[in-house]
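Trainee: show me how the following folds:
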Amino acid sequence: MQLSRSLLTRLPSFSRVGLRGAPASTLAGLVGPATHMPARSVQHDRRVMSSAAQPAMFCFQCQQTEGNKGCTTVGNCGKTADVAALQDLLVHALKGVAMYAHRAAKLGQQSDAIDGFLCDALFTTLTNVNFDPARFAEFLKQCEQKRQEAKALYAQACKQAGVAQEDLSQNMYASWSYNEKMDMDTLVNKGRSVGVLARQAAADPNVFSMTEMITYGMKGACAYADHAHTLGADIRGVSAQFYEILDVLTHERPSMELLLATALRVGAVNLQVMGLLETCALARYGDPTPTQVRTTPVAGKCILVSGHDLADVELVLQQTAGKGINVYTHGELLPAHAYPGLKKYPHLVGNYGGAWQHQKSEFAEFPGSILMTTNCIIEPRRSYKDRIFTRSAVGWPGVRHLAGDDLAPLIDAALECEGFEEDEAPKYVTTGFGKNAILANADKVLAAVQQGAVKRIFLIGGCDGAQGERSYFTDVATGLPQDTLILTLACGKYRFNKLDLGSIGPFPRVLDMGQCNDAYGAIQVAVALANALKTDVNSLPLSFVVSWFEQKAVAVLLTLLHLGIKNIRLGPTLPAFVTPDVLNVLVDKYDIKPIGDAQEDIKLMMEGK
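Mentor: Numbers count the residues shown, from 1 in each chain. Next up, the predicted model:
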């Protein structure tokens, strides 16, 4: 199948014309002839970036990228050109670490410290995570230490195995090293010389498109692995795969066949990572159960915890116990209220606000201190900049970062704030329909499907964002017939989770399964339903409507493709880094569709299309 005219017009214009005006090669079937990337050198990259025609920056890793083409002066997320260059340099340096770590891992040698650092460092390059140049300089310093450790580990592994070491001294990734004499300008200039535009100039458009997709999927998978590692997961197995995938990105002439297989490999390892994260969360906090969560404030001093990290919610609850401080969740942490190990704390009183993009107004109105545990942070207003704190990979210039587990500054700030003066009239939203909660009622769900009470199930979820086109997801949820069931997860749920959309028998029509990583649980529910009906997932009365924003969503999408799931509707726009040829592969193999008119899409989906 070739791209339809309507689908082609939805592609970002960079992709429609071919990146940098280069003709796009043709992919025959799933893969075409091997497409080769020319050998690159540091000297070549410097010449590429010395052109006066180059913009100050180029970034198109997220959905909000300017004009669905790319941000070229400052990121729509708020990151500066310098930060964009530092992020690119960190990714480049991490590939060098991975080259040594991959070879050591193949010989049975791994380091937990290197494994954890790789995940944390790639996580910090996600959209809306870290905007602080000083923090990136520190990451680059640590990266050099980890490169030396990985290099020594590889040498030790070769010695023990009695094999010769591969000489990587001339490799542009493995040989680059940070030193203390490098000032910020030096790091930024180096980042520009190895950044997105340099990679784009050196590669066939489709090869470039695939390597970017793999890179962004890896960022998302490593973010999930970082969450799992924080909860005590053993990430050695997935880290060895991360190293191997990053090593593929250092190949001088990767074929399209290798890159397509590697992209699906990212999806496969991300499935493992999400499984690890679920296992650790359940072991530590228990099975989520359907729970009504208050969405209006109660009187008293208060702390707001935003992001994704359940361990940080627990830490806040432990250190505020008995201090007269109420704790609220925000954004993707709404599902924390459903875990027995967290909701046992009486001062976890509710969820405040909605999705991440509303934080400027919501944080300004919140009369307490705020902790940003993971993405998504956006530039703080002056009105609350002195009472917001960051953790983990998160950073913003001038915002206090809590590197250790002592949250005293956060707590002191909360006690200094006014807090809520009085209770507001209570309102509630329900969360906690995790995998096990749904599977415990599988017989009822199955009976409802078989008896026709549920004509179709819709998974509507993913990242939220500010674009007006995202009203599509609200329109679909509210426009579906009453005999349909909606599974939702991630912050995209805020488009409709507070609306009363009715119920079917004992179930509310909207079942909130949790955070974005709980896509793993949704997949398990779909597989269980397919097994019960003696069919496959693609033959179920099930439609996927996915909203994407950043790189975690790319990882989840690659997981769905790895599992062979078809007919996914993706929006509000298609990724700017996907060329028409690459999209043709996704259309031919998986029948991926852009979102269209909500009512027309509902009609088609009800028909199984």
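Trainee: okay, now Asn179: neighbour count?
Mentor: Asn179: 8 surrounding residues under other Cβ atoms under 10 Å. Quick note: C-beta positions are derived from backbone N, CA and C, even for glycine.
Trainee: run a quick neighbour tally on Ser111.
Mentor: Here the number of neighbours of Ser111 (other Cβ under 10 Å) works out to 18.
Trainee: ok, now which ones touch it?
Mentor: By Cβ atoms under 8 Å, 6 or more residues apart in numbering, the contact set of Ser111 is Ala101, Glu149, Ala150, Leu153.
Trainee: ok, the third one to Met57 distance?
Mentor: In other words, Ala150. As judged by Cβ to Cβ, to the nearest Å, Ala150 and Met57 stand 29 Å apart.
Trainee: who has more neighbours out of those two?
Mentor: Ala150 (29 against 25).
Trainee: by contact count, what packs against the one helix or strand the more buried one maps to?
Mentor: In this assignment (DSSP states H and E), Ala150 forms part of helix 133-161. Packing contacts for helix 133-161, counted by 3 or more Cβ pairs under 8 Å, 6 or more residues apart in numbering; DSSP states H and E, involve helix 81-106, helix 112-123, helix 184-193.
Trainee: same for the shortest one, what does it pack against?
Mentor: If I follow you right, that is helix 184-193. Packed next to helix 184-193, using 3+ Cβ pairs under 8 Å, 6+ apart, are helix 42-49, helix 81-106, helix 133-161.
Trainee: could you do the second one as well?
Mentor: Helix 112-123 is packed against helix 81-106, helix 133-161, helix 205-230, helix 236-248, with contacts defined by 3+ Cβ pairs under 8 Å, 6+ apart.
Trainee: between the ones you listed, which one is nearest to Ala408?
Mentor: Counting by Cβ to Cβ, Ala408 lies closest to helix 205-230 out of the helices and strands packed on helix 112-123; the figure is 20.4 Å.
Trainee: low-confidence ranges, the stretch 1-150 of the chain, go.
Mentor: Applying pLDDT under 70 to the stretch 1-150 of the chain flags the ranges 1-53.
Trainee: coming back round to it: dump the helices and strands packed on helix 112-123 into a markdown table; add distance to Leu501 as well.
Mentor: Shown next, in a markdown table, are the helices and strands packed on helix 112-123 (distance: least, Cβ to Cβ, whole Å):
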| stretch | distance to Leu501 |
| --- | --- |
| helix 81-106 | 40 |
| helix 133-161 | 42 |
| helix 205-230 | 29 |
| helix 236-248 | 37 |
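Trainee: which one of those helices lies closest to Gln599?
Mentor: Closest of those to Gln599 is helix 205-230, at 31.4 Å (criterion: Cβ to Cβ).
Trainee: returning to that earlier point: now rank the contacts of Ser111 by neighbours and give me the top one.
Mentor: Looking at those with neighbours defined as other Cβ under 10 Å, the largest count falls to Ala101 at 31 neighbours.
Trainee: spatially central residue for this structure, please.
Mentor: Taking Cα atoms, centre = their mean, the centroid of the chain lies closest to Lys552, which sits 1.6 Å from it.
Trainee: quick one: contacts for the nearest residue to that residue once chain neighbours are set aside?
Mentor: Leaving aside its chain neighbours, Lys552 sits nearest to Gly220 (4.0 Å; criterion: Cβ to Cβ, 6 or more residues apart in numbering). Shown in contact with Gly220 (Cβ under 8 Å, 6+ apart): Leu126, Asn270, Glu550, Gln551, Lys552, Ala553, Val554, Ala555, Val556.
Trainee: repeat that with 6 Å
Mentor: For Gly220, the contacting residues are Gln551, Lys552, Val554, Ala555, by Cβ atoms under 6 Å, 6 or more residues apart in numbering.
Trainee: re earlier: in the helix holding Ala150, which residues are buried?
Mentor: 133, 135-137, 139-140, 142-144, 146-147, 149-151, 153-154, 157-158 (16 or more other Cβ atoms under 10 Å).
Trainee: ditto for stretch 224-238
Mentor: Buried, per 16+ other Cβ under 10 Å, within stretch 224-238: Tyr224, Ala225, Asp226, His227, Ala228, His229, Thr230, Leu231, Ala233, Ile235, Gly237, Val238.
Trainee: determine which two of the residues you listed are furthest apart.
Mentor: Thr230 and Gly237 (17.2 Å).
Trainee: before we move on, the earlier item: which one of the contacts of Ser111 sits closest to Tyr428?
Mentor: Closest to Tyr428, out of all of the contacts of Ser111 and judged by Cβ to Cβ, is Ala101, at 47.7 Å.
Trainee: surely that closest one and Glu244 touch.
Mentor: No - assessed by Cβ atoms under 6 Å, Ala101 is found out of contact with Glu244, at 9.5 Å.
Trainee: any chance you could map the helices in the stretch 301-450 of the chain?
Mentor: 310-320, 340-343, 359-365, 382-385, 408-416, 435-439, 442-450 (DSSP state H, counting those that start in this stretch).
Trainee: using JSON lines, please lay out the ones you listed together with mean pLDDT.
Mentor: Shown next, in JSON lines, are the helices of the stretch 301-450 of the chain (pLDDT from 0 to 100):
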{"stretch": "helix 310-320", "mean pLDDT": "98"}
{"stretch": "helix 340-343", "mean pLDDT": "98"}
{"stretch": "helix 359-365", "mean pLDDT": "98"}
{"stretch": "helix 382-385", "mean pLDDT": "98"}
{"stretch": "helix 408-416", "mean pLDDT": "98"}
{"stretch": "helix 435-439", "mean pLDDT": "95"}
{"stretch": "helix 442-450", "mean pLDDT": "92"}
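Trainee: please produce a markdown table containing these, extended by distance to Glu600 and mean neighbour count.
Mentor: Output for the helices of the stretch 301-450 of the chain, formatted as a markdown table (distance: least, Cβ to Cβ, whole Å; neighbours: other Cβ atoms under 10 Å):
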| stretch | distance to Glu600 | mean neighbour count |
| --- | --- | --- |
| helix 310-320 | 39 | 21 |
| helix 340-343 | 41 | 18 |
| helix 359-365 | 34 | 17 |
| helix 382-385 | 43 | 14 |
| helix 408-416 | 48 | 17 |
| helix 435-439 | 30 | 18 |
| helix 442-450 | 25 | 16 |
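Trainee: closest one to Val74 among the ones you listed?
Mentor: Of all these, helix 359-365 sits nearest to Val74, with 17.0 Å by Cβ to Cβ.
Trainee: how far does stretch 572-582 sit from its chain's centre?
Mentor: Distance, stretch centre to chain centre, for stretch 572-582: 17 Å (Cα atoms, centre = their mean, to the nearest Å).
Trainee: separation between the residue of the chain positioned farthest from its centre and Ser111?
Mentor: Here the centre of the chain is the reference, and by Cα atoms, centre = their mean the most remote residue is Gly162, at 40.6 Å. Gly162 is 21 Å from Ser111, where distance means Cβ to Cβ.
Trainee: coming back round to it: of all the helices and strands packed on helix 133-161, which one comes closest to Lys444?
Mentor: helix 112-123 (39.0 Å).
Trainee: dump the closest one to PDB, keeping only the CA atoms.
Mentor: Extracted in PDB, the C-alpha atoms of helix 112-123 (Å, rounded to 0.1, in the frame of the first residue of the first chain):
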ATOM      1  CA  ASP A 112      25.300  -2.000  37.900                       C
ATOM      2  CA  ALA A 113      26.700   1.500  38.200                       C
ATOM      3  CA  ILE A 114      27.100   1.900  34.400                       C
ATOM      4  CA  ASP A 115      23.700   0.300  33.800                       C
ATOM      5  CA  GLY A 116      22.000   2.800  36.100                       C
ATOM      6  CA  PHE A 117      23.900   5.800  34.800                       C
ATOM      7  CA  LEU A 118      23.000   5.000  31.100                       C
ATOM      8  CA  CYS A 119      19.300   5.000  32.000                       C
ATOM      9  CA  ASP A 120      19.500   8.100  34.100                       C
ATOM     10  CA  ALA A 121      21.500  10.000  31.500                       C
ATOM     11  CA  LEU A 122      19.300   9.100  28.500                       C
ATOM     12  CA  PHE A 123      16.300   9.900  30.600                       C
END
